Every structure is written in structure tokens, then in C-alpha cells.
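Engineer: okay, here's the prediction I keep looking at, along with the sequence it came from:
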Amino acid sequence: MSDEVARELVGRVWAELGRDLGELERLDRLPEAPLPARLDVSSLAVGSVTAASLAGASGDGDRARRTRLRLDGDRIAVAFTSDRDLLVDGRAPDVWSPLSGFWRTADGWVRTHGNYPHHAAVLQRVLGIADGAARDRIAEAMLARSAGELAAEVVAAGGLCVVVRAEDPAADAAWRSHPIVDVGSGGDDLAVRAGRREASRGRDGPLDGVRVLDLTRVIAGPVATRTLALLGADVLRVDSPRLPEFEWQHLDTGAGKRSSLLDLDTRTDRARFDALVGDADVVVTGYRPAAMARLGLDAHALRARHPHLLVASLSAWGDRAEAGEERGFDSLVQAASGIAVIEGDDGAPGTLPAQALDHATGYLLAAAVTSQLVGGGRRTGRVALSLRRTAAELLALPRTNVRTPGRELSDAERAPHRRSFDLAGGTVRTTAPAVAGVGGPLEWTAPPHPLGIDPPQWW
């Protein structure tokens, strides 16, 4: 069933990209990825990675196009759960804050996200608890509030909290009436100039010579841009020095990329940034739509100034969220869409075996960008995806009533898919790339760079 379901998903994405469905004949039988859950996470993972792999193999010549692509299900599962393998200087990082998770309230459940200090501070203020409060004190404060009122107050104060809800089939059907991968409409043509730039590093990948400006953080966007780097692009990630970021999270998704810091509120850094945009081929954004619009970095504004740009936008809730203001992460979308209820037990909500919405959306975005640049499909200059739309797709796939069907990978089975890099002053252990090429699995070409270590310039 996994081959059939994953292949159908790839076929629909391929059709949305305007590609020749005959290209799917290059696919060998698609594997299953050991990601046990009630929902068909395996097909979502395999389908999204397959789409990125197929797009990356599009420009490899006539002989290569006759070669069948083979993917490794175990490697895909390891890539989707990369946080389990991550070691920085031999230590596993603390991934979740005590303020992040499911909490019972007076009339239901909420899911919070307090990993970042500013989000944690909002939760503490709304709940009236001290910094470093014990978990039982946090639980007590949650239990005294109603779920809806608590979530509304936290969100209004700039924090992250959603009510855990059951799935809404009508809402999901509405989401699925829109493409998984929205490549825009006619009249917004892309004048590709990347092929006219001499490749500077001899990467010999389909995206060699393409410059990608990476304005993303957390997981989905960085997975997408890491995949573009894997396919040969020069990817430069730019972060604000005023926004907190976890070094471990950046290192987990940073292979093959460079990293700079620029403060767009200063005249000098804004000028440097604008120069980077003008010389880029692709800009990938992962911040809230309204926030990008305020900075003049939404797709419409960027392409009005630079018609050659392909702008790829990723958000949690899509541009149909209220004015694009809603913040969100994979865990919150799982909770709000009904996934947490489906994956729960004994009245308590549960989670998928991976941040699958993040990873799948990242690979699908990479597939769309690559297809626009080197494929034979639609080229409109704009690509947009959202975690919520990906969630609606997962909820439409076959499911089982068994909580944990199938197997989970053992440590010995994960070991062949781990990779270690030497960094200045230490090491990082992460996972091998899930995407395959014509000659087999691809490999990272460069280690992740520490956050902000590189100058804001192209190679």
C-alpha cells in the first residue's frame, strides 16, 4: 500500500508542477519508511522525498533520464527523525523546553511552544508563574484556565498556544481544494538567468551556479534549502542578530550552506541585504506572511523589484490565516488540525513519530524550486506551501486504528545513515541526506557552518 499511496502523492505534486507524468516511470518500487503511527506518515515522507529526488534528477541528461531512481526507506525515516541522532561535541541537545507540550485545562487540552525565550516569557506572564517554575506548578496554572481563553490570550500577547481539536473533515476538504504546492498563476513569468552564470565551485549538480538566499529557520525551510544545497546551489542563510536561534537546530539542518547575520533595521545591513537579493536567483522565506510584507520581502514586493527572482514562501498556516499574522510550528499544527487527537491514547493527545509536517513540506518546497529552475514544468516565479496544507494531505491518506504498527529502527539500523563533521572547536553528528540521485544516495558536500560565521556575500 505504501508504494501505491506514495506514488499517487508524487503524481499529484508532479501534475501541480506541470510536469510530464511519464517521468514517474523512472521510479523503482517505492519503499516504506519505518515511521509507525495511525496516520500514513510513511507515505507522506517517502512521497515528499521522492518528489525532491525526481526533480533533482531532471537535468541529468538523456541517459540519466532512462535510469530508475531507488530510495532507501530506512534512510528517509532517519532523516525525518534527525533530532534523535544529533550530537554536538558528543552531547545530545535539550530539544524541548519545560513550557512546551500538551497541557490539560479546565475544559480540554492545549499545546504550547515555549522553546524560544521570548515565547516562554509570554507563557509565564499569562499564567502568572515564575521563570523556572516546576512542571507541576505549570500544570496547576494551566488547569485553572479554559483552553480557548488561554490560547487566545497567549496568542494576543505574542506567544504560541493552540487548542487541541478533533479533525474537521470539511475544513480539511477546503484545504485540499488548493494545491499542495502552489506555483501561482499565469502572467507571473520567471525569467531564469541562473543557467547563464558560470558555476563557481564545480559541484556538478543540477543547481550548480544557482544562488539561494535562505530566510528561514526552525525545520521546514532549512530542510528545503539544505536539499537545494545538496543539489548544487550556493545557499546563504541570513538571520537577524536580534532573534534567538538554537545552535544545535541550525547545525542539524545546515549541511552544505553558509550562514550570515544582518540586521535589516540598520541602513548599512539593509543595503548589504538588498545587494544579496539583487544577485540571487531564489529567495526562500519561512516567516509569517504579514511579517514579510512589513519588511517588503513578500513575493509580490520582491518580484516587483527583481522580476528574475523565484520566491518560495513557506508558512505554518498559509496566507489564508488572519492577515498572515498567526505564528506556528509543526507541533501546533498537529494539535490544531486533529492529528494529535488521532495519535493520542486514553483521552490524552499524542504526536507523530517525527516532525513530519516540517520535513515533508521542506522536501516538497525543494522539489518545486528545483522543478521551476531545471525542469520542464510551469515557471511562474512563485512557490508557496504551508504546514497546514500538508496536514490536510496526511489526514486524507489511509490510516489504521493500531497505535504503533510496523517497526521502529534500532540504533544499529540507524548507524549507517549517520554522518559526522569536524567543526572549529568540536564536532557535530547528524544524518545522511534522504534524497537520492541517478547514481544512488547523495551525500553532503560541506559541513554545517556555525550560525553567523560567514560574510554576507556570494561565492
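Structural biologist: Cool, the structure landed. Numbering: from 1, shown residues only.
Engineer: retrieve the pLDDT associated with Ala312.
Structural biologist: Per-residue pLDDT puts Ala312 at 94.
Engineer: against Thr285, how distant is the closest residue to it other than its chain neighbours?
Structural biologist: Spatially, and ignoring its direct neighbours in sequence, Ala312 is nearest to Val383 (4.2 Å; CB to CB, 6 or more residues apart in numbering). All C-beta spots, glycine's among them, are computed from the backbone N, C-alpha and C. As defined by CB to CB, to the nearest Å, Val383 lies at a distance of 10 Å from Thr285.
Engineer: equivalent analysis for Asp454, please.
Structural biologist: Noted for Asp454: a distance of 20 Å to Thr285, by CB to CB.
Engineer: the two: which is more packed in?
Structural biologist: Taking neighbours as other CB atoms under 10 Å, Asp454 and Thr285 compare with Thr285 leading, 24 against 16.
Engineer: give me the beta-bridge partners of that one?
Structural biologist: On the basis of DSSP bridges, Thr285 is bridged to Leu215, Ser313.
Engineer: quick one: the strands in the stretch 301-450 of the chain?
Structural biologist: For the stretch 301-450 of the chain, the strands defined by DSSP state E, counting those that start in this stretch cover 310-315, 382-386, 418-423, 426-431, 436-437, 440-441.
Engineer: look at Arg403 and report its pLDDT.
Structural biologist: 61.
Engineer: please apply the same query to Gly73.
Structural biologist: pLDDT for Gly73: 96.
Engineer: the closest residue to it other than its chain neighbours: what's it in contact with?
Structural biologist: Ranked by CB to CB, 6+ apart and with sequence neighbours excluded, the top spatial neighbour of Gly73 is Pro31, at 3.2 Å. Contact analysis of Pro31 by CB atoms under 8 Å, 6 or more residues apart in numbering lists 2-3, 46, 71-73, 76.
Engineer: let's have those in TSV, adding distance to Ile129.
Structural biologist: TSV is the format used below for those (distance: CB to CB, whole Å):
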residue	distance to Ile129
Ser2	45
Asp3	50
Val46	43
Leu71	47
Asp72	46
Gly73	44
Ile76	40
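Engineer: out of the residues you listed, which is most surrounded?
Structural biologist: Within these, most neighbours by other CB under 10 Å means Val46, with 30 neighbours.
Engineer: so what's that residue up against?
Structural biologist: Counting by CB under 8 Å, 6+ apart, Val46 makes contact with 2, 6, 30-33, 71, 73, 76.
Engineer: of those, which belong to helices?
Structural biologist: Counting by DSSP state H, the contacts of Val46 place 2, 6, 73, 76 in helices.
Engineer: just name the lowest-scoring one in those residues, pLDDT-wise.
Structural biologist: Lowest pLDDT within the ones in helices among the contacts of Val46 is found at Ser2 (76).
Engineer: that one reaches Leu35, doesn't it?
Structural biologist: No - taking CB atoms under 8 Å as the definition, Ser2 is not a contact partner of Leu35, at 10.5 Å.
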